[in-house]
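> With the input below, show me the fold.
(chains A and B)
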Amino acid sequence: MILDLERFVREGEPRWQELEAILGRMEKHPYATVAVAELERLHALYQRTSADLLRVRGLHTEARMRQYLESLVSRGYTAIHGVTERKKASWHGWFLRDFPRAVRRQTGALALAMALFWGGAAVGAGLLVRLFAERETLFPFAGLAVRPSERVKQETADRGRQVAEQTGRFSAHLIQNNTRVAIFTFALGMTYGVGPTVLLFSNGVYLGAVAMDYVKDGQTVFLLGWLLPHGVIELPAIILAGQAAFLLTGALLPRGRRAPVGERLRAVFPDTLAIMGGVAVMLGWAGIVEAFFSQYHEPVVPYAVKIAFGLGELGGLGAFFRWAGRNGE
Amino acid sequence: MGSEGLEIRTPEGVPFTIPLAGAGARMVALVVDLLAILAMESAVLSALTAFAPLAPDAIGGVVTLLYFGLSTGYGMVLEIWWNGQTLGKRLLGLRVMDQRARPARPGQMIVRNLLRPVDALPALYLLGAVVCWGTRHRQRVGDWAAGTVVVRTGEPVRADWSQLRRERYNSLREHAALAARLRQRTGPELAGIALDAVLRREELTPEARVAVFGVVAERLRGLVEFPAEAVEALSDEQYVRRAVEVLYTAPRQGPKYA
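Reported below is the predicted structural model:
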């Protein structure tokens, strides 16, 4: 006799059905609280069904019997091992504590991202000085090829009328575009650092070239008034996305560690997610400031006010990363 | 090339396999999700267009942000909310789970979705498809990094086990020695095929049913020759049912003697 299947089914079916019913309830409401008594019953049924599976597994019985029991055991295993203590998420705590702590903790990746970006900016500025006659070739958009002094003249004459008609749309466009770039930069961390290196460096080159163009044309004050209010938040946010990307890259490279790559990646997830969440908030703020404030120039908003606002933000940002979340760190 | 299932051994030593989703099913689920996003974006646009004359710029901004939020957050939010499923995955019977066969945590769902742009490179999810094909557990880059897999959740069809109930009379059991020989000589593979045939007979067309039971009965008859009075007037199907009962159920207890 291979197995008294009729008796096996007769005895097992009631508990299989009970297990199926409990699993169905838990799967339908994955975040619901489960009573201890039900969990104990689930565990007992799961163990009995596991034993049933072991009995039929080695035998060449009907395939669906084994599949059915396997599916019950796998669902039971998932349900039992998925039970976790519920922690209340605190957005406030995350932004004021986890985000700045993660940025401080991962200084190596941050230094690398900053070096690439600002190194690119220096190269861009240098290239503009050297290739001034062909300056247009250095700019990613045709709009930037206009001489800075010409643009300042246009902006002063326009008095912000063009911008005023579409600040909402422009702000939303900036937020979504910058966040998309930040996510892309982060995701490219999986290319062993090649992607974020290219992105950070090339963005630095464009920024350096544009900034030097304004400086050479005698428009430094306009440049600071234009870029500082949103740039002091937006640029660090992009650099932080690079920091998160290099955390992924760092986890991919073994560097003498024995832990498997999956474990190394999962070890950096809390910090990368905290940083990327913070980046999204920063880019939201930068997009609003850029559309509603940065694009208004003198005589509408004095440059001194804009520069002071930008410097104030920079000071606030520095203080935030220096001191926020220090308690109990 | 990837395997068919995620093989797990529980701490109690019980091995089981969870079937992994194929690239085709995942692609169809993705298309369904993209259509769902498009439908939601259209609904948002239609709803907000009515208010556009009041504040065109503000409404334009809101629409842009909602589009972005839907396309970026759709996968993350639904997978967290629906325990590893989006609309497409639900319709296709797929679920994202931790590669240790545990429910994926919200952080894992967020990471696998944030890394989507890499999988989409250079276009049409080509990199994701290649990596998915090449990895053991059919993981795209985002899954590999997040430690997640996409599994099939379709519950296996339960056989009608009531068909295993003993018949009132089984002529083969009258010959205990021959029945024992049948159990001894029937290999597990043939026994499994015979059992499958009995349990699934209602799914077969009449012609297929006759053919299947004919083949199985012939194989079984070749193993042990029962006396003519035990098998005469039995159709192939009746013969196989009685043989299965002999193979898979314990012999009846004899009368107890005081």
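> Check what pLDDT whatever residue of the stretch 151-258 of chain B ends up closest to chain A gets.
Closest contact between the stretch 151-258 of chain B and chain A, by CB to the nearest CB, is at residue B:188 (3.2 Å). Any C-beta I mention is one placed from the backbone N, CA and C, and that applies to glycine too. Model confidence at residue B:188, given as pLDDT, is 81.
> For residue B:31, see how far away it is.
43 Å (CB to CB, to the nearest Å).
> What count of nearby residues applies to the closest residue in space to residue A:103 that isn't next to it in sequence?
Once flanking residues are discounted, residue A:103 sits nearest to residue A:321: 5.7 Å by CB to CB, 6 or more residues apart in numbering or on different chains. The burial count assigned to residue A:321 is 18, neighbours taken as other CB atoms under 10 Å in any protein chain shown.
> pretty sure residue A:321 contacts residue A:105?
No: using CB atoms under 8 Å, residue A:321 makes no contact with residue A:105, being 11.5 Å away.
> Tell me where the stretch 51-200 of chain A is predicted with low confidence.
When residues are selected by pLDDT under 70, those of the stretch 51-200 of chain A lie in A:58-62, A:83-89, A:163.
> next one: phi and psi at residue B:95?
phi -150, psi 140 (degrees, to the nearest 10).
> and residue A:31, how many neighbours does it have?
If you count neighbours by other CB under 10 Å, residue A:31 ends up with 8.
> can you check residue B:207 too?
Number of residues near residue B:207 (other CB under 10 Å) recorded here: 8.
> what do you get for residue A:107?
Neighbour count of residue A:107, defined by other CB under 10 Å: 10.
> which ones are touching the closest residue to residue A:66 other than its chain neighbours?
Of all residues not flanking residue A:66 in the chain, residue A:56 sits nearest, at 5.5 Å (CB to CB, 6+ apart). Contacts for residue A:56 (CB atoms under 8 Å, 6 or more residues apart in numbering or on different chains) come out as A:3, A:8, A:65, A:66, A:69.
> contacting residues around the second one?
Right, the one you point to is residue A:8. By CB under 8 Å, 6+ apart, the contact set of residue A:8 is A:52, A:55, A:56.
> Same list as before, those residues that is, but in a markdown table and with secondary structure included.
Below are these laid out as a markdown table (DSSP: H, G, I helix; E, B strand; the rest coil):
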| residue | secondary structure |
| --- | --- |
| A:52 | helix |
| A:55 | helix |
| A:56 | helix |
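> Which one of the residues you listed is nearest to chain B?
Distance to chain B across those (CB to the nearest CB) is lowest for residue A:52, with 9.8 Å.
> Report whether the expected contact of the closest one with residue A:12 is present.
Yes: counting by CB under 8 Å, residue A:52 touches residue A:12, with 5.2 Å between them.
> Tell me where chain A has strands.
Listed in chain order, chain A contains no strands at all (DSSP state E).
> can I see the domain layout of it?
The domain map for chain A lists A:5-81, A:91-323, with the assignment taken from automatic domain parsing.
> Among the ones you listed, show me which one is buried the most.
Stretch with highest mean neighbour count among these: domain A:91-323 (a mean of 19; mean count of other CB atoms under 10 Å in any protein chain shown).
> what's the span of that domain, first residue to last?
Counting by CA to CA, to the nearest Å, you get 18 Å between the two ends of domain A:91-323.
> Tell me the gap between it and the middle of its chain.
On the basis of CA atoms, centre = their mean, to the nearest Å, domain A:91-323 sits 14 Å off its chain's mean C-alpha point.
> Can you give me the pLDDT of residue B:234?
Looking at residue B:234, its pLDDT reads 89.
> my read: residue B:88 touches residue B:29, true?
Yes: shown here, residue B:88 and residue B:29 form a contact pair, counting by CB under 8 Å, at 3.4 Å.
> So for these two, which residues contact both of them?
Common contact partners of residue B:88 and residue B:29 (CB under 8 Å, 6+ apart): residue B:94.
> so who does the spatially most central residue of chain A touch?
Taking CA atoms, centre = their mean as the criterion, residue A:276 is the residue nearest the geometric centre of chain A, at 2.9 Å. For residue A:276, the contacting residues are A:182, A:183, A:186, A:241, A:244, B:114, by CB under 8 Å, 6+ apart.
> how would you label the residue nearest to the spatial centre of chain B: helix, strand or coil?
In chain B, the centroid-proximal residue (CA atoms, centre = their mean) is residue B:154; its distance is 4.5 Å. Assigned by three-state DSSP, the conformation of residue B:154 is coil.
> Excluding chain neighbours, give the residue nearest to it in space.
Nearest residue to residue B:154 in three dimensions, chain neighbours excluded: residue B:93, at 4.1 Å (CB to CB, 6+ apart).
> Now do the one you found against chain A, distance only.
Here residue B:93 is placed at a distance of 12 Å from chain A (CB to the nearest CB, to the nearest Å).
> try residue B:142
8 Å.
> and that residue, how many neighbours does it have?
26.
> can you confirm it is in a strand?
No: secondary structure of residue B:142 (three-state DSSP): helix, not part of a strand.
> isn't it right up against residue B:113?
Yes: counting by CB under 8 Å, residue B:113 is a contact partner of residue B:142 at 6.8 Å.
> So which of the contacts of residue A:276 belong to helices?
Members of those lying in helices (criterion: DSSP state H): A:182, A:183, A:186, A:241, A:244, B:114.
> Can you convert those residues into a markdown table and add a column each for distance to residue B:175?
Listed next are those as a markdown table, based on distance: CB to CB, whole Å:
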| residue | distance to residue B:175 |
| --- | --- |
| A:182 | 79 |
| A:183 | 74 |
| A:186 | 74 |
| A:241 | 79 |
| A:244 | 76 |
| B:114 | 69 |
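> between the residues you listed, which is nearest residue A:229?
residue A:182 (19.0 Å; CB to CB).
> Excluding sequence neighbours, find me the nearest residue to that closest one.
Closest residue to residue A:182 apart from its sequence neighbours, by CB to CB, 6+ apart: residue A:241 at 3.9 Å.
> Kindly report the same for residue B:237.
Distances taken as CB to CB, 6+ apart place residue B:213 nearest to residue B:237, at 4.3 Å, with adjacent residues excluded.
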